[in-house]
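Colleague: Let me see the structure of the following:
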Amino acid sequence: MDNPQSLKQILQSLNDGVALVDSDDWSIAFENAKFFQWFPPNGEADELLTVCMPGFDPERATKRLSAGRSYKFKLEVGDTARVTPLVIKMKALNDEGGACMLIQCDDISKQKEKEYMLESYSKMSERNAH
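Modeller: Below is the predicted model:
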């Protein structure tokens with residue numbers, strides 16, 4: 001795809017949060033609407049990933065990414081009334097010597113609901129068996 005504007009429109013339409021980050025200073029170069037919704041800036045125009053994403057460990061991420069591996073962790077975003085569980089995945093992009101990272105944030109709410117239901121059914125089955 002040679003048209004950057006089309007690529008931006010596609011990224012903005014995703015239900016996953018996506019961002020491109022400079023790993024030298026962890027500044028966010030691009031973020032789609034979902035990423036912005038989950039990790040809004042705290043007032044600074046050029047917010048750093050280390051500030052807006054709680055639970056992010058830049059030292060561990062750097063070690064894993066420099067070893068050619070991805071960095072993955074879970075966290076929850078939102079207020080106390082409505083929390084969204086996320087899986088955050090980071091991987092290095094080959095951009096001609098630059099230090100660009102792709103951040104992908106997946107909403108795992110449905111997965112958590114299924115796990116909770118399975119656990120509840122399992123407990124009910126145990127009680128009925130006794």
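Colleague: going forward, measure contacts and count neighbours with C-alpha atoms only.
Modeller: OK.
Colleague: Now A81: phi and psi?
Modeller: For A81, the backbone dihedrals (degrees, to the nearest 10) come out as phi -80, psi -40.
Colleague: residue nearest the centroid of the protein?
Modeller: C105 (2.6 Å; C-alpha atoms, centre = their mean).
Colleague: what about stretch 24-32, distance to the chain center?
Modeller: 13 Å (C-alpha atoms, centre = their mean, to the nearest Å).
Colleague: That one: end-to-end distance?
Modeller: Its start and end residues considered, stretch 24-32 measures 21 Å (C-alpha to C-alpha, to the nearest Å).
Colleague: if you average pLDDT over it, what comes out?
Modeller: Confidence for stretch 24-32, expressed as mean pLDDT, is 88.
Colleague: any residues touching the top helix by length along the chain, and which ones?
Modeller: In terms of residue count, the longest helix belonging to the chain (DSSP state H) is helix 109-129. Helix 109-129 has contacts (C-alpha atoms under 8 Å, 6 or more residues apart in numbering) with T84, P85, L86.
Colleague: Just the buried ones among those residues, please.
Modeller: The neighbour-count test (16 or more other C-alpha atoms under 10 Å) marks P85, L86 as buried among these.
Colleague: Report the buried residues of the longest helix of the chain.
Modeller: Buried residues in helix 109-129, defined by neighbour count with 16+ other C-alpha under 10 Å: none.
Colleague: Now do it: distance to the chain's middle.
Modeller: For helix 109-129, the distance to the chain centre is 27 Å (C-alpha atoms, centre = their mean).
Colleague: Quick check: mean pLDDT of that helix?
Modeller: 79.
Colleague: Put the alpha carbons of it into CSV.
Modeller: Output in CSV follows, covering the C-alpha atoms of helix 109-129 (Å, rounded to 0.1, in the frame of the first residue of the first chain):
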residue,chain,number,x,y,z
SER,A,109,-13.0,-8.8,27.8
LYS,A,110,-14.9,-11.6,26.0
GLN,A,111,-12.1,-14.0,26.8
LYS,A,112,-12.3,-13.0,30.5
GLU,A,113,-16.1,-13.5,30.5
LYS,A,114,-15.7,-17.0,29.0
GLU,A,115,-13.1,-17.9,31.6
TYR,A,116,-15.3,-16.6,34.4
MET,A,117,-18.4,-18.5,33.1
LEU,A,118,-16.3,-21.7,32.7
GLU,A,119,-15.0,-21.3,36.3
SER,A,120,-18.6,-20.8,37.6
TYR,A,121,-19.9,-23.8,35.8
SER,A,122,-17.0,-25.9,37.1
LYS,A,123,-17.8,-24.8,40.7
MET,A,124,-21.5,-25.6,40.2
SER,A,125,-20.7,-29.0,38.8
GLU,A,126,-18.5,-29.7,41.8
ARG,A,127,-21.2,-28.7,44.3
ASN,A,128,-23.8,-30.8,42.4
ALA,A,129,-21.4,-33.8,42.5
